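[1] Turn this into a structure:
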Amino acid sequence: MATAYQRHRRRVLGWGIGLFAVLTVVAVWTTNLRIEDDLTASSHDALEQAGIATTGVDIEFSGQDGTICGFPSEAVAAQAEHVVAVSTASAKVAST
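    So this is what the prediction gives:
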């Protein structure tokens, strides 16, 4: 049979592990959103600096994987893929 002190230690340890888990989930979630926003903004800026029109272009990131859609031609899409890949890391570009 566990003593009162042992039960207290288990309870404190349980709450500590639970709190750590919750804080970890919140930290990962908020960091992921910030990374996606930063990558979207830097991709948009890189396309504009390269002289590629971004009107009608949809830039989306899920984590660090990006998809950019809405280019008028394959040539522009290929140029945009190179620009974004150099500026952010890698992105999948689709022309529509």
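[2] from here on, contacts and neighbour counts on C-alpha atoms
    Will do.
[3] Low-confidence stretches in the protein?
    86-96 (pLDDT under 70).
[4] Just the strands from it, written as ranges.
    58-62, 65-71, 91-95 (DSSP state E).
[5] would TSV of these with mean neighbour count be doable?
    Shown next, in TSV, are the strands of the chain (neighbours: other CA atoms under 10 Å):
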stretch	mean neighbour count
strand 58-62	16
strand 65-71	18
strand 91-95	18
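[6] Can I get the ones you listed in a markdown table including distance to residue 15?
    Output for the strands of the chain, formatted as a markdown table (distance: least, CA to CA, whole Å):
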| stretch | distance to residue 15 |
| --- | --- |
| strand 58-62 | 32 |
| strand 65-71 | 36 |
| strand 91-95 | 41 |
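[7] Go through those strands and name the closest to residue 10.
    strand 58-62 (39.0 Å; CA to CA).
[8] so how far is the longest helix anywhere in the chain off the chain centroid?
    Longest helix in the chain by number of residues (criterion: DSSP state H): helix 4-49. Relative to its parent chain, helix 4-49 has a centroid offset of 13 Å by CA atoms, centre = their mean, to the nearest Å.
[9] which secondary structure elements does it contact?
    Contact analysis of helix 4-49 by 3 or more CA pairs under 8 Å, 6 or more residues apart in numbering; DSSP states H and E lists strand 58-62, helix 74-87 as its packing neighbours.
[10] The strands of the chain: which one's closest to residue 13?
    strand 58-62 (35.0 Å).
[11] That closest one packs against which elements?
    Against strand 58-62 (3+ CA pairs under 8 Å, 6+ apart) you get helix 4-49, strand 65-71.
[12] Report the angle between that strand and helix 4-49.
    160 degrees (axes from the mean of the first three to the mean of the last three CA atoms, to 10 degrees).
[13] Run the angle between strand 58-62 and strand 65-71 for me.
    170 degrees.
[14] quick one: strands adjacent to strand 58-62?
    Using DSSP bridges, the strands paired with strand 58-62 are strand 65-71 (antiparallel).
[15] Helix 74-87 and the strand it pairs with, what's the angle between them?
    150 degrees.
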